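Q: quick check, what structure comes out for this input:
(chains A and B)
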Amino acid sequence: MPWHYTIAKSLQLSLGVAILRFNRFTYCCLVMLTATTQALAEDSDVRNQGDLTQIPIEQLVTMDVQSASKIANQISIAPSAVSIVTAEDIKAYGYHTLAEILESMRGLYITNDRAYSFLGGRGFGRPGDFTGRIMLLLDGTQVNNNIYNSGNLEYVGIIDTALIERVEYVSGPGSAIYGNNAFFGIVNVITKKGHAINGLQVSGEVASYQGREAKIHYGKRLENGAELLLSASGFNSDGQDFYFPPVSDFSGGLANNLDEQRSRRLFGKLEWDGWFAELAYTTRKKDIPTAPYGAVFNAPYNYEDTMLLASLKHDRQLSSRLQMSLHSYYGDFKYQGLATYPSGFFTEESVGQWWGLNAQFVGTWFQNQRILFGSEFKYDFNQNISSSALDLSTSEKTISLYAQDEITLNPRWMFNVGARVDMNKDELGHANNDISPRLALIYKPLETTTLKLSWSTAFRRANPFEKYYTDGYLKPNPSIKPESIEATELVVEHQLDTDTRLLGSVYQYQADDYIKSNGVQFNNTKGAHTKGAEFEFEKHWHNAVRLRASAAIQSAEDGDGNWQVNSPRRVGKINFSVPLVNHAWRLAFEMQAYSDRKTERNTAVGGYSLANLTISADKLLPNLGVALGIRNLFDRDYDHVAPSSNNLQTVIPQDDRTYWLRMTYDFK
Amino acid sequence: MKLTRLFFSLVFVVELLSLPRVAVADPVPEYQMKAAYLYNFATLITWPTHANKAVRLCVLGSDSFGGALQQLTRNSSSNTRITLSYLANMNNVQDCQILFIDVSALDNPAEMLKKLEKMPVLTVTDNLDLFNAGAMIGLFLDNKRLVFDVNYAQAKNAQLSISAKLLRVARKVMQ
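A: A predicted model of the protein is given here:
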């Protein structure tokens, strides 16, 4: 044993005796001291690739190699439980929207009120809750707008699913790195590289209810390594007529031709030598058949949402121990709504615009520490809601500082400590400062098993809609405080082999000053409490058979101890896909089951299970791929909980069995 | 707060109990090792008309190396310089010294390799079907080690001279 190691250990032991007498400040110093002595005492075992080329081939052939796993590893920054859906799955299951992708994930569920799709899970997910309280990122750029905090998931979603390389859902508060609105978790959507398309690809689809979709993608890796990806797509659907009993008016309860939707998307991305430029645009207009907010039934009611997101990133290795990532972004959101009231048409428009700069660094000066730190400035320069009852124009600025230290104590133990400070000021001079810390302890008893114990807090400031919206019926509340959440979670991950993965999680959330609407106004309410457990199993076989199964149980209560609205106690999923006919075809089957949910009217809507089937072939003919899908295979009748603003419905019936057929042609 | 104290105490206990690290080498990630092998091929093989300029490594198909190939091009501490180029098709393959063919380019291997016949380009792959179709070097995982088989006849046909040092450590050499 080296002499300096012996001295370090003696120092630790003598200091250790006096542990309990020291205050917090001394704790920190002692931890840093021991971590550093530990680091200095150990021989470097970190092998980077540069060293490999120094080793002669005679020695290389005797070294052990870790084969690359077919199960994806996370990209997102967080010591939590991560679930990943890859492009392979998106193709096999034929997912059309982000909502369908998230619906297949552990513990999550979607609620569709025939206007938007809302994400729920782990005790959150009140229908009609625009915020969702989940931060949605596109290649690391925040999608949630600065009016409603919504990150849209269905055909309003910012990205075409054909362009997605993977979707990562990181459960648990993420404000320690990502700041405002990473309340229950983050969803990071990562797009494909140009060479994944490698040429020109066109695709056309027909679906039930006169649904039709057309897409054109172009992707290329240029000779110098630059990657280009371009895409344009459009979707139209006539929708259905709905019968909503009991509506006593001359229409007999029939909402006629009020489910039509139309959406368009444009996308462009260029990656080159440490530079990254991306532009995403989406617009969708949909008719709403449910006549919410007391509107006239069976009369014109529609929403039009448009979103533009631009991002420019530059990654650079400043020195061998310091890397930098600069990120500038711009967002532009517009919403237009039209409703019919006895007095006539009511229109409203919201515009949200923002830009920001995020400078992030990773320093590896100390042997076993990976220090991430950065600073972000966000300027929400335009937050506008206008209607006949309201003319709101406001803005806000936020400066943030964040840091995270990943300390590898030894091969088995890692300690992760981080925090973010967000200093926000709105146009009227009101300041909101929030600190979000996170502590995590990671233990690897075996090479294949990881335990993560974490404690963190997150926050969400009230958005302009919650603070200022009024239409003569709904009242504003400018003095709402930010809501906060404190979470404790234990995650266990076990790799049975490179292609089999088990994940388990036990968690507890305590939310305070929870922002909720009582039908007339948004207020801070007494804390909500959720506790639950989740389990996930994933396996890839060598014959290309894939299985993913998950189960989640949760108990969500509001501040008064009542069961939360729209929070099923049990959620189960299974995804299974097999190749057929000598790998030329693939059959993919998925099933999702949910237990009872409570409605806004204090009744309960029954649980249900939903099955989807997709059959696809990559090369039906040279360069021609085909996919056929059946959603709600067993034609079940099932309902989702309606938002409180739907005075005519308590539940919203969902679609019967539907079909879709897609053909894709590659020009190579 | 109480929980913070608990964490710090845990850290302390952990540190006191931690044992000195035994110098057991961690297994090397598969693609980093493959990149290192490609580097060795570049240094231990001589091309007929190329003579000591930068070795051009071309990739046909997906890049599953996760940045390891880019890392090779930045390695300035050696005599052999490597440049990297990605090919969308077989058009400029004659400008390459090494061509790595990924499994994703497995459209028509026989036709692909026939076009390369006699060309002084070292074809390397990690896919068995491509190697059997006539690629010169195949990289395979065998019992936690990365091994390589050499189709010596093909290489000789293309006038590539493979150092005895390299042939000695190959798993199989096909004459």
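Q: so who does the nearest residue to residue A:108 once chain neighbours are set aside touch?
A: Nearest residue to residue A:108, sequence neighbours excluded (CB to CB, 6 or more residues apart in numbering or on different chains): residue A:121, at 4.1 Å. C-beta here means a position set from N, CA and C on the backbone, and glycine is covered the same way. Applying CB atoms under 8 Å, 6 or more residues apart in numbering or on different chains, we find residue A:121 in contact with A:107-109, A:171, A:184-185, A:552, A:571.
Q: likewise residue B:45?
A: Residues in contact with residue B:45 (CB under 8 Å, 6+ apart) are B:122, B:160-163, B:166.
Q: bridging residues for residue A:665?
A: In this entry, residue A:665 is beta-bridged to residue A:202, residue A:624, by DSSP bridges.
Q: that one touches residue A:201, doesn't it?
A: Yes. Using CB atoms under 8 Å, residue A:665 is in contact with residue A:201, at 7.1 Å.
Q: so between the two, which is more surrounded?
A: residue A:201 (20 against 14; other CB atoms under 10 Å in any protein chain shown).
Q: who's in contact with the more buried one?
A: Counting by CB under 8 Å, 6+ apart, residue A:201 has contacts A:215-219, A:664-667.
Q: pLDDT and distance to residue B:28 added to the residues you listed, as a markdown table?
A: A markdown table is the format used below for the contacts of residue A:201 (pLDDT from 0 to 100; distance: CB to CB, whole Å):
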| residue | pLDDT | distance to residue B:28 |
| --- | --- | --- |
| A:215 | 96 | 41 |
| A:216 | 97 | 42 |
| A:217 | 97 | 36 |
| A:218 | 96 | 37 |
| A:219 | 93 | 31 |
| A:664 | 95 | 38 |
| A:665 | 95 | 41 |
| A:666 | 92 | 36 |
| A:667 | 90 | 40 |
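Q: low-confidence bits of the stretch 251-400 of chain A, can you list those?
A: By pLDDT under 70, the low-scoring segments of the stretch 251-400 of chain A are A:251-252.
Q: the residue most central in space within chain A: which element?
A: For chain A, residue A:187 is the residue whose C-alpha lies nearest the centre (CA atoms, centre = their mean; 1.6 Å). In this assignment (DSSP states H and E), residue A:187 forms part of strand A:185-191.
Q: that strand and chain B, are they touching?
A: No. Strand A:185-191 is not in contact with chain B by CB under 8 Å from any CB of the partner chain; minimum separation 14.1 Å.
Q: and that strand, how far from the chain's centre?
A: For strand A:185-191, the distance from its own C-alpha centre to the chain's C-alpha centre is 5 Å (CA atoms, centre = their mean, to the nearest Å).
Q: buried ones in that strand, by neighbour count?
A: A:185-191 (16 or more other CB atoms under 10 Å in any protein chain shown).
Q: next one: stretch A:535-555
A: A:535-540, A:546, A:548-554.
Q: now these as a markdown table including pLDDT, distance to residue A:434 and secondary structure?
A: Below are those laid out as a markdown table (pLDDT from 0 to 100; distance: CB to CB, whole Å; DSSP: H, G, I helix; E, B strand; the rest coil):
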| residue | pLDDT | distance to residue A:434 | secondary structure |
| --- | --- | --- | --- |
| A:535 | 96 | 33 | strand |
| A:536 | 95 | 31 | strand |
| A:537 | 95 | 37 | strand |
| A:538 | 94 | 36 | strand |
| A:539 | 93 | 41 | strand |
| A:540 | 89 | 41 | strand |
| A:546 | 93 | 41 | strand |
| A:548 | 95 | 36 | strand |
| A:549 | 96 | 38 | strand |
| A:550 | 96 | 32 | strand |
| A:551 | 97 | 34 | strand |
| A:552 | 96 | 29 | strand |
| A:553 | 96 | 31 | strand |
| A:554 | 95 | 26 | strand |
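Q: which members of these are the farthest-apart pair?
A: The span of these, defined through CB to CB, is set by A:540 and A:554 at 28.2 Å.
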